[in-house]
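Asks: Generate a structure from the sequence data that follows.
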Amino acid sequence: MPPARDVIAHRGDDDEVCPVCKSSRYLNPDMRFLINPECYHKMCESCVDRIFSSGPANCPVAGCHKTLRKNRFRKQTFEDINVEREVDIRRRVMHILNRREEEFDSKRAYDDFLEQREEIIANLVHGTDVAKTESDLQKYASENMRSIRANQAIEAQEASSFREQQTQEQELARLRREAVRQEYENERREIMAGREDVLSRLAAGRPADAAAIAREGQKVLLKKSSARRSEEERIRQKQAALRNSDVKKSGPGAVSSSDKADDLGGSSLIKGLKKIKTPEPEKPYDPFMGYVPEKRDYYTLRDYYPNTYLDPVRQDTRMQAGGYDLQEYYSRTLMEAFAGLGCFIDEEISQRDIANASDISGPVATKGAAMAAVSSAGTPDASS
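Replies: The predicted structure is shown next:
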């Protein structure tokens with residue numbers, strides 16, 4: 001006989017009647033009722049198979065003209081059909097309006113977004129201005145498809161990380177329980193072994209040595225327990241360090257701004273979003289930095305470079321009187337050393353080979369014809 005609380009819980013199910021075939025669960029306890037999120041009208045599974053197996057059809061409930069499909073029918077989760085409908089609407093709206101707090105300029109803007117989302121859900125649940133709300137929702141979804149998908153990917157990654165963390169915590173808890181059980185068994189065996197050792201030594205020794213043997217056995221047990229506690233503390237600290245490192249590494253993956261950027265840079269439905277700035281394209285690198293020697297970013301010109309050849313020149317007044325400047329020599333030498341940064345040898349060789357092939361094709365043929373003419377002309381002279 002089922003418990004009284006089960007009878008109370010399923011008392012309403014016995015009165016359920018299919019609106020199509022008028023079958024009751026009271027007469028057929030194995031009957032399963034299904035609902036469709038298009039209209040949330042409940043009907044039995046046999047009627048669903050009979051009406052919608054051949055394809056989409058209108059809802060058989062009187063007054064409902066919505067087109068239903070068999071693959072959309074599912075079992076009811078909540079007892080109240082209004083709660084079932086609200087949960088489905090909330091899931092659909094939050095699937096589209098899935099903006100995150102870090103995308104807003106301030107906490108107030110994010111709170112306004114949450115309030116606006118709840119208003120949209122309330123309008124759809126209570127049937128207030130449904131056409132305009134659905135139109136705004138669909139327009140937002142089409143304009144912000146990239147950011148919606150990016151946030152969905154982040155949510156999926158966070159859910160996966162949470163499940164992995166839960167699994168890891170459960171495994172750690174199991175290992176801790178196993179370690180505690182193993183520790184208890186080891187400690188019990190050590191105590192029994194210590195007691196047996198003390199009893200055997202007392203049986204083999206003299207009565208005067210009983211107190212000394214007991215004290216020695218107690219010291220051995222204390223030493224073993226202290227060593228065990230030190231090892232446990234070391235293992236605990238190591239596990240804590242590993243958990244901290246895992247928490248730092250298991251943060252949600254960052255999504256690039258290009259994945260979250262929308263075509264319009266924002267939305268007319270949601271206010272307070274951060275402005276997405278498109279980075280400027282990188283300019284081509286100029287290795288020569290113009291013609292000014294001092295404006296180079298790949299080397300720094302110093303005032304002095306140690307050199308056994310240039311040191312005497314620095315002290316020679318005759319060289320200085322003629323206008324010779326070592327700084328100019330340093331600048332020119334460094335510029336010549338780094339001048340190859342703008343040269344791409346592979347490209348130059350390929351271009352040179354192409355140019356040589358186009359230039360040589362004509363002269364080679366001409367040279368071949370000339371050599372043939374010379375050889376043919378020289379043949380009679382040799383015979384004569």
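Asks: continuing past the lowest-mean-pLDDT helix or strand in the chain, what's the next helix or strand?
Replies: Ranking every helix and strand in the chain by mean pLDDT, DSSP states H and E puts helix 4-9 at the bottom, with a mean of 44. The element immediately downstream of helix 4-9 (helix or strand, assigned by DSSP states H and E) is strand 33-35.
Asks: Tell me the strands beside that following strand, with direction?
Replies: strand 43-44 (antiparallel), strand 74-75 (antiparallel) (DSSP bridges).
Asks: Using a markdown table, please lay out the ones you listed together with distance to Asn98 and mean pLDDT.
Replies: Quick note: C-beta positions are derived from backbone N, CA and C, even for glycine. Formatted as a markdown table, the strands paired with strand 33-35 follow (distance: least, CB to CB, whole Å; pLDDT from 0 to 100):
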| stretch | distance to Asn98 | mean pLDDT |
| --- | --- | --- |
| strand 43-44 | 33 | 90 |
| strand 74-75 | 23 | 89 |
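Asks: out of those strands, deepest packed?
Replies: Among these, ranked by average contacts under mean count of other CB atoms under 10 Å, first place goes to strand 43-44 (a mean of 23).
Asks: State the mean pLDDT of stretch 90-98.
Replies: Mean pLDDT, stretch 90-98: 90.
Asks: Stretch 311-323 now?
Replies: Stretch 311-323 comes out at a mean pLDDT of 78.
Asks: still on that earlier bit, would you turn the strands paired with strand 33-35 into TSV with distance to Leu124?
Replies: Formatted as TSV, these follow (distance: least, CB to CB, whole Å):
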stretch	distance to Leu124
strand 43-44	24
strand 74-75	19
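Asks: so which of those strands gets nearest Ala204?
Replies: strand 74-75 (76.7 Å; CB to CB).
Asks: contact partners of the closest one?
Replies: 32-37 (CB atoms under 8 Å, 6 or more residues apart in numbering).
Asks: Which two among these are spaced furthest apart?
Replies: Arg32 and Pro37 (17.1 Å).
Asks: Now do the end-to-end distance for stretch 318-325.
Replies: 12 Å (CA to CA, to the nearest Å).
Asks: residue ranges with poor pLDDT in the stretch 151-300 of the chain?
Replies: Applying pLDDT under 70 to the stretch 151-300 of the chain flags the ranges 198, 202, 205-214, 216-228, 231, 239, 242-268, 284-298.
Asks: all helices for it, in order.
Replies: Ranges of helices within the stretch 151-300 of the chain are 210-249, 257-260, based on DSSP state H, counting those that start in this stretch.
Asks: Okay, domains of the protein per the record?
Replies: 4-76, 149-247, 291-345 (automatic domain parsing).
Asks: wait, what's in contact with Cys106?
Replies: Heads up, residue 106 is Ser, not Cys. Gly272.
Asks: re the thing from before, among the contacts of strand 74-75, which ones are buried?
Replies: Listed as buried from the contacts of strand 74-75 are 33-36; burial here means 16 or more other CB atoms under 10 Å.
Asks: Could you single out the nearest of those residues to Arg352?
Replies: Closest approach to Arg352 among the buried ones among the contacts of strand 74-75 (CB to CB): Asn36, at 73.1 Å.
Asks: per-residue confidence at the closest one?
Replies: At Asn36, pLDDT is 88.
Asks: That one reaches Leu68, doesn't it?
Replies: Yes: Asn36 is within contact range of Leu68, at 4.9 Å (criterion: CB atoms under 8 Å).
Asks: okay, and the common contacts of the two?
Replies: Joint contacts of Asn36 and Leu68 (CB under 8 Å, 6+ apart) are Cys59.
Asks: ranges for the strands of the stretch 151-300 of the chain?
Replies: Under the criterion DSSP state E, counting those that start in this stretch, the stretch 151-300 of the chain carries no strands.
Asks: so what's Met43 bridging to?
Replies: Leu34.
Asks: What separation do you get for it and Gln116?
Replies: 36 Å (CB to CB, to the nearest Å).
Asks: same thing with Arg177?
Replies: Distance, Arg177 to Gln116, by CB to CB: 48 Å.
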